[in-house]
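Novice: Just to be clear, the model below is a prediction. Sequence and coordinates:
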Amino acid sequence: MDTSFLSNQKLDVLLGSNFKLITIEGKDTIEKALYTLIQNNISSAPVLTEDGKALGYIDMLDILSYLAWTVSKEGSIETIGVSNFMQASKTLMQRPAFDIMNMSGLDKWITLTQDASLLEVAHLLAKPHVHRVAITEKDDETKCYGIITQSRFIQYLNENRKYIEPALGTKIYSAFKPIPVEWIRNDRYLIDAINLMKEKKVSGVAVLDQDGKLLGNISATDLKRAAALSIDVLLLGLFSGIEAFIKGLNEPRLLKEPTMANVLPLWSPIYVGFQDNVRKALDLLSTHEHSTGQHIHRVYVTDEQFKPMRVISLNDLIGYFVAAPVGVTSQ
């Protein structure tokens, strides 16, 4: 595919004239950092020192990993009890944001200067565990004035489909080989899913039923939605079954009445088949994000029995468009 349309464009085209950089002060409490992410509907933000230098990010998984760590250091939730955990967590949420910066290990501080091309940022965003790139001053990579995310880059590609049209007709099986999917059973605790995400360095995992069929996805974005309802909903949700928790987000009181959760329909996973083409994967990511207002970061590839055979992440999709055909990248 001809990538000259990317090499001829500078990064400012992705930021736009209305771009506003959302940041977190390192001395802010973790709770304030969480509300900054929620209020601005973002999953990550740069952390600044008192003199305005950016040292890294705080994302939702950093906060969630921190909460999960408070349980694991005591052994288990049975050891400390839910009420003690709730109290301890609310105390820990008052600690400075610097304490948990990049605790998940998922948000590397990767930078480019403003004169870099879109092709340069595309190659970075196609690398494993690089979800965003900071745009900095030429002479100081701690002076950040913009962030380019994978979601924004995919949006740009979708807006300029005429340039990538030749690559859209490729079958999924030709573009992306089957690889094992990180997954968890629907009846496991939510805190188990957080620990799995941190261990595998992914921001979301597939949720399967007892027959190994795909039910849905649990991600840091889902957990941000819970925290937007209240901190208590998030904290109590950590010890709910995953399926009950996801359903309960549509009716918060169900988190306290898990027996009622079964009356709600199952959440719908976003998926394609190996016989579908790349266009459908891009359509699903772009259309679903536009209609829900939530950033969608993965599409599952399923077989005839609805069992997941791999996941197509934004890393994978960007990598495919700039270097098709691509090999396997991260989830």
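Specialist: Received, thanks.
Novice: so what are the domain limits for this structure?
Specialist: Here the domain parsing of the chain from automatic domain parsing is 4-162, 172-323.
Novice: Redo these as CSV? Include mean neighbour count.
Specialist: For the C-beta atoms, the positions are set from N, CA and C on the backbone; glycine is no exception. Supplementary listing: the domains of the chain in CSV, determined by neighbours: other CB atoms under 10 Å:
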stretch, mean neighbour count
domain 4-162, 17
domain 172-323, 18
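Novice: who touches residue 302 in this structure?
Specialist: Contacts for residue 302 were tallied using CB atoms under 8 Å, 6 or more residues apart in numbering; they are 214, 271, 272, 273, 308, 309.
Novice: which one is the second one nearest to, not counting chain neighbours?
Specialist: Sequence neighbours aside, residue 300 is the residue nearest to residue 271 in space, at 4.4 Å (criterion: CB to CB, 6 or more residues apart in numbering).
Novice: Report the beta-bridge partners for the one you found.
Specialist: Counting by DSSP bridges, residue 300 forms beta bridges with residue 271, residue 311.
Novice: Relative to residue 196, how far out is it?
Specialist: As for residue 300, its distance to residue 196 is 16 Å (criterion: CB to CB, to the nearest Å).
Novice: Please apply the same query to residue 94.
Specialist: Here the distance between residue 94 and residue 196 works out to 28 Å (CB to CB).
Novice: Could you tell me the least trusted of the domains of the chain?
Specialist: Set side by side, those differ in mean pLDDT, and domain 172-323 is lowest with a mean of 82.
Novice: Next, the distance between the ends of it.
Specialist: 15 Å (CA to CA, to the nearest Å).
Novice: show me where the stretch 151-300 of the chain has helices.
Specialist: If you assign secondary structure with DSSP state H, counting those that start in this stretch, the helices in the stretch 151-300 of the chain sit at 161-168, 172-175, 190-200, 220-229, 231-237, 242-248, 278-292.
Novice: For my notes, please list these in JSON lines and give distance to residue 304 for each entry.
Specialist: JSON lines is the format used below for those (distance: least, CB to CB, whole Å):
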{"stretch": "helix 161-168", "distance to residue 304": "24"}
{"stretch": "helix 172-175", "distance to residue 304": "13"}
{"stretch": "helix 190-200", "distance to residue 304": "27"}
{"stretch": "helix 220-229", "distance to residue 304": "27"}
{"stretch": "helix 231-237", "distance to residue 304": "34"}
{"stretch": "helix 242-248", "distance to residue 304": "23"}
{"stretch": "helix 278-292", "distance to residue 304": "17"}
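Novice: Nearest to residue 154, out of those?
Specialist: Evaluated over those, closeness to residue 154 peaks at helix 278-292, with 6.1 Å, by CB to CB.
Novice: Let me see the contact set for the closest residue to residue 53 other than its chain neighbours.
Specialist: Closest residue to residue 53 in three dimensions, ignoring its sequence neighbours and counting by CB to CB, 6+ apart: residue 142, at 3.8 Å. Listed by CB under 8 Å, 6+ apart, the contact set of residue 142 reads 53, 54, 55, 136.
Novice: For residue 24, state which of the residues you listed is nearest.
Specialist: Relative to residue 24, and with distances defined as CB to CB, the nearest of these is residue 54, at 9.8 Å.
Novice: ok, now which ones touch the closest one?
Specialist: With CB under 8 Å, 6+ apart, residue 54 has these contacts: 23, 46, 47, 48, 109, 134, 136, 142, 143, 144.
Novice: separation between the fourth one and residue 57?
Specialist: Looking back up the chat, that one is residue 48. Residue 48 is 11 Å from residue 57, by CB to CB.
Novice: can you pull out the strands in the chain?
Specialist: With DSSP state E, the ranges of strands along the chain come out as 24-25, 44-48, 54-59, 111-113, 132-137, 140-149, 183-185, 204-208, 214-219, 271-273, 298-302, 308-313.
Novice: Need the contact partners of the shortest one.
Specialist: Spelled out, that is strand 24-25. By CB under 8 Å, 6+ apart, the list of residues contacting strand 24-25 from outside reads 32, 33, 36, 45, 46, 47, 48, 50, 58, 97.
Novice: and with 6 Å instead?
Specialist: Around strand 24-25, the neighbours that count as contacts under CB atoms under 6 Å, 6 or more residues apart in numbering are 33, 36, 45, 47, 48, 58, 97.
Novice: which residue packs closest to residue 72, ignoring adjacent ones?
Specialist: residue 195 (7.4 Å).
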